[in-house]
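[1] here are the coordinates; sequence isn't available:
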């Protein structure tokens, strides 16, 4: 975590409880559009948008599920893919995971994960990098919140998650009805009505589902 990235997170986000998972506190931005433009992610450069600054619906739903079902991760090695703020990783660490690895492609997100983990008194190994063309390493549980937001991202993520599942990991995703989630590959575990920033989602509540990936092809004999 660079000092500059950590300072940016502290300057532009304040520590507050997560709406749907108040057991966890995160550095969150009060005004999303201004920060989005400040980081130049969407409009002017290759810098990723500040996904780390908000508690997205998919991550909130998945973190709620992990918090309410600690046996899913307790004593296991966990990977939080495209971790954003680290909400899901922190929930896994609080639930007793043996280790938690949170991977992000944005240096500021890595800083946010580290700061948020510290604020919640848990250990999370925050890692900078794009691992989608690789594998989940030693992870026994792979968690991914709100990762099916674009067609290109969805294709890469699904291939990665399938490799993880076929290697023996349990794979869970939280998704608020994004268009590119291949629902035929998943089974539903739970659904929640999750509060979200209206400026981000154009609504105040998103129906969010927690899914588990089935590694078998659709229609295959079980």
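    Perfect, I can see it now. Computed from a predicted structure; not experimentally measured.
[2] If we go by neighbour counts, what in stretch 204-212 is buried?
    Residues 205, 206, 208, 209, 210, 211 are the ones in stretch 204-212 that count as buried (16 or more other CB atoms under 10 Å). For every residue, glycine as well, the C-beta is placed using N, CA and C.
[3] same thing with stretch 11-28?
    Buried, per 16+ other CB under 10 Å, within stretch 11-28: 12, 13, 18, 20, 21, 24, 25, 26, 27, 28.
[4] Where is pLDDT lowest across these?
    Within these, residue 12 has the lowest pLDDT, namely 80.
[5] Wait, that one touches residue 53, no?
    Yes - Residue 12 is in contact with residue 53 according to CB atoms under 8 Å; the separation is 7.0 Å.
[6] Flag the shaky bits of the protein, pLDDT-wise.
    1, 31-49, 217, 219-222 (pLDDT under 70).
[7] and with 80 instead?
    Of all residues in the chain, those with pLDDT under 80 make up the ranges 1-2, 30-49, 199-201, 217-222.
[8] report the longest helix in it, please.
    In the chain, taking DSSP state H as the definition, the longest helix is helix 151-166.
[9] what packs against the next helix or strand after that helix?
    Heading C-terminal from helix 151-166, the first helix or strand you meet, by DSSP states H and E, is strand 170-175. Here strand 170-175 touches helix 57-68, strand 141-145, helix 151-166, strand 205-213, going by 3 or more CB pairs under 8 Å, 6 or more residues apart in numbering; DSSP states H and E.
[10] Name the residues that touch the longest one?
    The contact list for helix 151-166, computed with CB atoms under 8 Å, 6 or more residues apart in numbering, reads 79, 81-82, 131-136, 139, 142, 144, 147-148, 171, 173, 180-182, 185, 213-215.
[11] Please, a ChimeraX command that selects the buried ones among those residues?
    Here is the ChimeraX command that selects the buried residues among the contacts of helix 151-166 (16+ other CB under 10 Å):
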select :79,81,82,131,132,136,139,142,144,147,148,171,173,180,181,185,213,214,215
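[12] since we're on residue 162, how many residues are nearby?
    If you count neighbours by other CB atoms under 10 Å, residue 162 ends up with 17.
[13] so how far is residue 173 from it?
    Distance of residue 162 to residue 173, given as CB to CB, to the nearest Å: 12 Å.
[14] Need the residues touching each of those two.
    Joint contacts of residue 162 and residue 173 (CB under 8 Å, 6+ apart) are residue 213.
[15] and stretch 174-185, how far out from the chain's middle?
    14 Å (CA atoms, centre = their mean, to the nearest Å).
[16] For this structure, which segments count as helices?
    With DSSP H as the criterion, the chain has helices spanning 3-12, 32-39, 57-68, 87-94, 107-119, 151-166, 198-201.
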